[in-house]
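Student: no FASTA, just this:
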């Protein structure tokens, strides 16, 4: 029983991180809550991404995320394969 509980706690703890690691977040469609799940993206940056997208339209590539005020190329590089802009990025 103790082993089962340990496995359950581990699964609940790592589950969201593992799910996120397997599926990139589409920065053109994700809401602020989904963007906040990305490492290095808190509430303020998530809101900035959504606001930028509303004003300027969809991102053409993940690198365009660096155009958002408060997000630099270093953050974009750290996000790496965790983000996508949709089907066009899937082949890359």
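Tutor: Everything's here; your move. Just so it is clear, the structure is predicted and the values come from calculations on it, not from any experiment. Numbers count the residues shown, from 1 in each chain.
Student: what's the pLDDT at the residue nearest the centre of the chain?
Tutor: Centroid-nearest residue in the chain: residue 38, 3.8 Å away (criterion: CA atoms, centre = their mean). Per-residue confidence at residue 38 stands at 95 (pLDDT).
Student: looking at it, it is touching residue 79, isn't it?
Tutor: Yes: between residue 38 and residue 79 a contact is recorded at 5.9 Å, counting by CB atoms under 8 Å. C-beta: built from backbone N, CA, C; applies to glycine.
Student: for the protein, what spans make up the strands?
Tutor: 25-26, 83-84 (DSSP state E).
Student: Could you identify which of the ones you listed is most buried?
Tutor: Of the strands of the chain, the one with the most neighbours on average (mean count of other CB atoms under 10 Å) is strand 83-84, at a mean of 22.
Student: That one - contacts with which helices or strands?
Tutor: In terms of contacts (3 or more CB pairs under 8 Å, 6 or more residues apart in numbering; DSSP states H and E), strand 83-84 is packed against strand 25-26.
Student: Adjacent strands (with direction) for the strand it packs on?
Tutor: Using DSSP bridges, the strands paired with strand 25-26 are strand 83-84 (parallel).
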